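1. Here is a sequence together with a model predicted from it:
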Amino acid sequence: MSAQVRIGVIGLGFMGGKWAQALTEHPRVELAVVCDVRESHAKETAGDLGATWSADPGEAAGDPTLDGVVVCTPEHVHVDAALAAIESGTPVAIEKPLAHELAAAERIRDASIDAGVPVLAAHILRFEPRYAAIKSAIEDGTIGPVQMVRSERVGVAADQRILQGRTSLPLYYGSHEFDLARWYAGEVTRVAARRSSGVLKAAGYDVDDLYSVVLEFAGGAHGTSTLGWSLPSASAPFGSSGFTVIGEHGYARVEQGSTGLSVVGESGRIAVDTWYTPNVHGQTRGALANEVDHFVRVVTSEASPLCTAADGAAAVRLCDAVERAASDDAFVDVAAAPEGG
């Protein structure tokens, strides 16, 4: 077995905790340090997982003894930890979106390129078998050249109990959909968008409810994306979410909520994750385990990032263009610089 690599996790929220646990289960990883500005939480997690702890993201990310760093802080503080790692020459995985705004995303991208340090933009859907199968069906010619993409991702208003209005709908959900759209159909040149609000603002959150987006691609394909997070908590939002790619010879479709598994308790149906971070016989499996394994191979120079910092920045640029387009009556050029940019 190859020598173990020392990896640190910065930010121990929902995804940071998942990454930390999955890393401890990887046979080639020593989880060296976990970091969170909530000192007590960092200490508790470190004790549970056998790592050291830190409450200073910049110091932890820049630790020269680490072989890899995973940044899972809220997106508006990604950039400092990411740059600290890059400046130390340490490969980085950064949870999506790459950053909270285009300028910050491009700083990370440029630093990665200038330093020659690999950055994995951690868009987990690229590592989910169903979405990866669509990519394979495109590349091997099964469905032919892509003519159209269509995606829907609609969540529940209860998301805001955690998010507290800190990010926009295009960044939080759209970064997934737009990254997949680029992966499947190439660069997006123009977008148009409409949005609606009311449900979440009435609940005290200054964010929109729904977006309808039209995409035009450089290669001639076109597509749509529906984004939302205002459904009632009792609804089954994944039932209205999915991704379709139509080619010249066929099509491929992921039904986001289709798992083949139903678990019902006294309070009704219970959502069980079978695709992203399922626990199978005490270990994390699914897309996150695939992503962790890929990052380990990036750290050891056995692989290049499947989703680079440039890809992550391109997704943020698309999110920015969609937000601009929602305030305009015409299509917006994706490559055009935003006001003040």
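-> Cool, the structure landed. Residues are numbered from 1 along each chain as shown.

2. list the buried ones in stretch 112-131?
-> Across stretch 112-131, burial judged by 16 or more other C-beta atoms under 10 Å covers 112, 117-128, 130-131. C-beta: built from backbone N, CA, C; applies to glycine.

3. Out of those, which sit inside helices?
-> Using DSSP state H, the subset of those located in helices is 112, 130, 131.

4. nearest to residue 300, of the residues you listed?
-> Proximity of those to residue 300 was ranked by C-beta to C-beta; the top entry is residue 112 with 17.6 Å.

5. so that closest one makes contact with residue 86?
-> Yes. In this structure, residue 112 sits in contact with residue 86. The criterion is C-beta atoms under 8 Å, and the distance is 6.0 Å.

6. Could you identify the most distant pair in the buried residues of stretch 112-131?
-> Farthest pair in these (C-beta to C-beta) is 117 and 130. Separation: 31.2 Å.

7. What distance separates the opening and closing residues of stretch 31-44?
-> The distance separating the two terminal residues of stretch 31-44, taken as C-alpha to C-alpha, to the nearest Å, comes to 14 Å.

8. repeat for stretch 145-165
-> One end of stretch 145-165 sits 39 Å from the other (C-alpha to C-alpha).

9. from the buried residues of stretch 112-131, which is closest to residue 145?
-> residue 131 (18.8 Å).

10. between residue 112 and residue 86, what contacts are shared?
-> In the contact map built from C-beta atoms under 8 Å, 6 or more residues apart in numbering, the residues linked to both residue 112 and residue 86 are 92, 119.

11. who does the lowest-mean-pLDDT helix or strand in the chain touch, helix- and strand-wise?
-> Lowest on mean pLDDT, DSSP states H and E among the helices and strands of the chain sits strand 268-270, with a mean of 75. Of the remaining helices and strands, those touching strand 268-270 by 3 or more C-beta pairs under 8 Å, 6 or more residues apart in numbering; DSSP states H and E are strand 263-265.

12. Run me through the strand neighbours of the strand it packs on, direction for each.
-> Each strand paired with strand 263-265, and its direction, by DSSP bridges: strand 268-270 (antiparallel).

13. need the contact list for residue 107.
-> Under the criterion of C-beta under 8 Å, 6+ apart, the neighbours of residue 107 are 79, 83, 99.

14. Tell me the secondary structure at the first one.
-> Of the three states, residue 79 takes helix under DSSP: H, G, I helix; E, B strand; the rest coil.

15. For the nearest residue to it once chain neighbours are set aside, which three-state class applies?
-> Leaving aside its sequence neighbours, residue 79 sits nearest to residue 104 (C-beta to C-beta, 6 or more residues apart in numbering; 4.4 Å). Assigned state for residue 104: helix (three-state reduction, three-state DSSP).

16. What count of nearby residues applies to residue 104?
-> In terms of burial, residue 104 registers 22 neighbours under the definition other C-beta atoms under 10 Å.

17. do the same with residue 146
-> Neighbourhood size, residue 146 [other C-beta under 10 Å]: 24.
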